[in-house]
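Engineer: Just the structure for this:
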Amino acid sequence: MITLVHTGIPIVDIILTIVFLVLITYPIIGGFAWFIGVLCYTFLFNYRQKDWDEIPEEIEPFITIMVPAHNEEIVIETTIEYLMTKINYVHYEVLVTDDGSTDSTPEILARLQEKYENLRVLRIEKNKGKAHAFNIGLGFAKGKLILSNDADTVPEPDCLNRYVNYFLRSDSTNISAITANMDVLNRSKLIAKSQTVEFSSIVGIIKRTQIGVLGSIYAYSGANTIYRKDALIDVGLFRQDRATEDISIAWDHQMDGWLSLFAPQIMFFMEVPESLKMLYRQRKRWAKGGTEVWLTNFKKIIFHPFRNIGHTVMFVDQTFSIVWSFFFWISSVIFIFTLGRFLITGNGERIYHMLTMALLFVCFEMISGTIQLIASLIVDDRGRKIKYLFFAPLYMVFYWIMNALTIVTTFVPAVKTILGLGSGTWKSPERKGTINTNSDSNKK
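Structural biologist: Numbers count the residues shown, from 1 in each chain. The predicted model follows:
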């Protein structure tokens, strides 16, 4: 075997060469892996809900829609109005946990309470984060099924009926949670339209691969996920010092033997960041949460790698994602420094060689990414999003770079969280108020 690393120890050279090649090709391998995964989900996975039964009103399980809110004056009223008037279900309540809002959110909620009997508001005086607000609210929730719904999010009108279909199956006793399929409300700007592509080609295809190949999902969409109340209590509720409580509890459920599912036919619609600054801040939180999960479960996986192969596969993937992020930036700095040195010395042959190899790598990445992208857009929402393929180049450029940047910049804060120095407090992103409560459906 030809080795690219030379330490003088043959076996070490081989191992390091393999690791180096995997890191170099990680984005390419990932693109093809997710493509194969969506094929497995489409043709092999059996735990799919193909038919929807109408649930008679007399046997509807009572559901609590919990809306954690902190300074949501722009969107909270339209969201509550939608949840109160557009949901095709009878036995449910909406419980808003007002997490120390300092704007007009409390006044808006007080006015809405006078209008709707099944709207309840729990005021928490000090902002301690979404997980804390959710855990407190759980003690007041009447439902045995709890739908987590963000203040800027609306589900499709038939969502509760469809969620309940899963829980009424004969093989549903071990289901901890079901997460719906995310779509974008605000598509007026290019960056938002690009995220429409991303949610299909990254979020959607990863979840399909996880349940199609591994049998369960390892990250919920916290903006709209329905939980079995007993499953939340069983794992000790949400971890309150985590950046992403939804990813964290998904892993807690998996490590405790619960089953979690992705329901691609149940749609929910949310606002997404419309500026690079807001997008970067969101992705920093996601990256930090992913690293926190990786650190939390490190010893469990390392010492028991064969106890559950699905856990181990996801852990290995996250490991490569973290290592690749550092590798990307270190190698990029070396590349730029070396290229600059050759420019100064006038070594045209080496410059040509470096640029050719870099372009070749980018081409392979684009090919694998495009294959992944086309497959995901075809299977998601019955192919309705294929028109957004035009916005793929922006997604291709920014996703991998931003992912690598956020993982590197949040690694130390994630370590601090695991050492007990983290905080789950939150600040709501900038809202535009694009929810339309006058429509029977928010599908675009």
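
Engineer: Show me the strands in the chain, by range?
Structural biologist: With strands called from DSSP state E, the chain shows them at 63-69, 92-99, 119-124, 145-149, 153-155, 175-184, 224-228, 259-270.

Engineer: ok, and for the longest one, which residues are buried?
Structural biologist: Of the residues in strand 259-270, those scored as buried under the neighbour-count criterion (16 or more other C-beta atoms under 10 Å) are 259-264, 266-270. In this view, the C-beta of every residue, glycine as well, is placed from N, C-alpha and C.

Engineer: before we move on, back to that, any chance of TSV for the strands of the chain, columns distance to residue 52 and mean pLDDT?
Structural biologist: As requested, the strands of the chain are exported to TSV (distance: least, C-beta to C-beta, whole Å; pLDDT from 0 to 100):
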stretch	distance to residue 52	mean pLDDT
strand 63-69	16	94
strand 92-99	18	94
strand 119-124	27	92
strand 145-149	17	94
strand 153-155	15	90
strand 175-184	14	87
strand 224-228	15	92
strand 259-270	8	87
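
Engineer: now these as TSV including distance to residue 38?
Structural biologist: As requested, the strands of the chain are exported to TSV (distance: least, C-beta to C-beta, whole Å):
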stretch	distance to residue 38
strand 63-69	30
strand 92-99	33
strand 119-124	40
strand 145-149	26
strand 153-155	24
strand 175-184	13
strand 224-228	21
strand 259-270	10
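
Engineer: With residue 43 as the reference, name the closest of those.
Structural biologist: Taking C-beta to C-beta, strand 259-270 is the member of those nearest to residue 43, at 14.8 Å.

Engineer: where along this protein do the helices fall?
Structural biologist: Applying DSSP state H to the chain gives helices spanning 10-43, 76-85, 105-115, 130-138, 159-167, 190-198, 205-209, 229-234, 245-255, 276-296, 298-303, 309-345, 348-379, 392-416.

Engineer: Can you tell me which of those has the worst average pLDDT?
Structural biologist: Mean pLDDT is lowest for helix 190-198 among the helices of the chain, at a mean of 68.

Engineer: Return the member of the buried residues of strand 259-270 nearest to residue 101.
Structural biologist: residue 270 (19.4 Å).

Engineer: OK, contacts around the closest one?
Structural biologist: Counting by C-beta atoms under 8 Å, 6 or more residues apart in numbering, residue 270 touches 150, 152-154, 182-185, 223-224.

Engineer: Show the buried residues in those residues.
Structural biologist: 150, 152-154, 182-185, 223-224.

Engineer: which one of those residues sits closest to residue 144?
Structural biologist: residue 224 (18.2 Å).

Engineer: Let me know whether the closest one touches residue 146 as I believe.
Structural biologist: No - at 11.8 Å, residue 224 does not count as touching residue 146 under the criterion of C-beta atoms under 8 Å.

Engineer: between the strands of the chain, which one is nearest to residue 246?
Structural biologist: Taking the strands of the chain one by one with C-beta to C-beta, strand 224-228 is closest: 6.6 Å.

Engineer: Tell me which other helices or strands the closest one touches.
Structural biologist: Strand 224-228 sits against strand 145-149, helix 159-167, strand 175-184, with contacts defined as 3 or more C-beta pairs under 8 Å, 6 or more residues apart in numbering; DSSP states H and E.

Engineer: cutoff 7 Å now
Structural biologist: Secondary-structure packing of strand 224-228 (3 or more C-beta pairs under 7 Å, 6 or more residues apart in numbering; DSSP states H and E): strand 145-149, strand 175-184.

Engineer: can you give me how far the longest one is from the chain middle?
Structural biologist: Looking back up the chat, that one is strand 175-184. A distance of 10 Å separates the centroid of the chain from that of strand 175-184, by C-alpha atoms, centre = their mean, to the nearest Å.

Engineer: start at 599 instead
Structural biologist: Yes, from this point I'll number from 599; that puts the last item at strand 773-782.

Engineer: strands paired with it, and their directions?
Structural biologist: Sheet pairing of strand 773-782 (DSSP bridges) gives strand 822-826 (antiparallel), strand 857-868 (parallel).

Engineer: Alpha carbons of that strand, as PDB, please.
Structural biologist: The C-alpha coordinates for strand 773-782 follow below in PDB (Å, rounded to 0.1, in the frame of the first residue of the first chain):
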ATOM      1  CA  ILE A 773     -42.300   5.200  20.700                       C
ATOM      2  CA  SER A 774     -40.900   8.100  22.700                       C
ATOM      3  CA  ALA A 775     -41.300  10.900  20.100                       C
ATOM      4  CA  ILE A 776     -42.200  11.700  16.500                       C
ATOM      5  CA  THR A 777     -40.800  14.600  14.700                       C
ATOM      6  CA  ALA A 778     -42.400  16.200  11.700                       C
ATOM      7  CA  ASN A 779     -41.000  17.500   8.400                       C
ATOM      8  CA  MET A 780     -39.700  21.100   8.400                       C
ATOM      9  CA  ASP A 781     -40.500  23.600   5.700                       C
ATOM     10  CA  VAL A 782     -39.800  27.300   5.300                       C
END
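
Engineer: the inter-axis angle of that strand versus helix 757-765?
Structural biologist: Angle, strand 773-782 to helix 757-765, by axes from the mean of the first three to the mean of the last three C-alpha atoms, to 10 degrees: 140 degrees.

Engineer: what's strand 773-782 in contact with?
Structural biologist: 753, 757, 761, 764-765, 790, 793-794, 797, 801-802, 815, 818-819, 821-826, 829, 851, 856-862, 864-868, 870 (C-beta atoms under 7 Å, 6 or more residues apart in numbering).

Engineer: same check, this time on the first one
Structural biologist: Under the contact criterion C-beta under 7 Å, 6+ apart, strand 743-747 has outside partners 659, 661-665, 732, 736, 753, 765, 820, 822-827.

Engineer: Now distance to residue 693 too, for the contacts of residue 868, in JSON lines please.
Structural biologist: Formatted as JSON lines, those follow (distance: C-beta to C-beta, whole Å):
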{"residue": "748", "distance to residue 693": "14"}
{"residue": "750", "distance to residue 693": "17"}
{"residue": "751", "distance to residue 693": "15"}
{"residue": "752", "distance to residue 693": "16"}
{"residue": "780", "distance to residue 693": "22"}
{"residue": "781", "distance to residue 693": "24"}
{"residue": "782", "distance to residue 693": "26"}
{"residue": "783", "distance to residue 693": "23"}
{"residue": "821", "distance to residue 693": "16"}
{"residue": "822", "distance to residue 693": "15"}
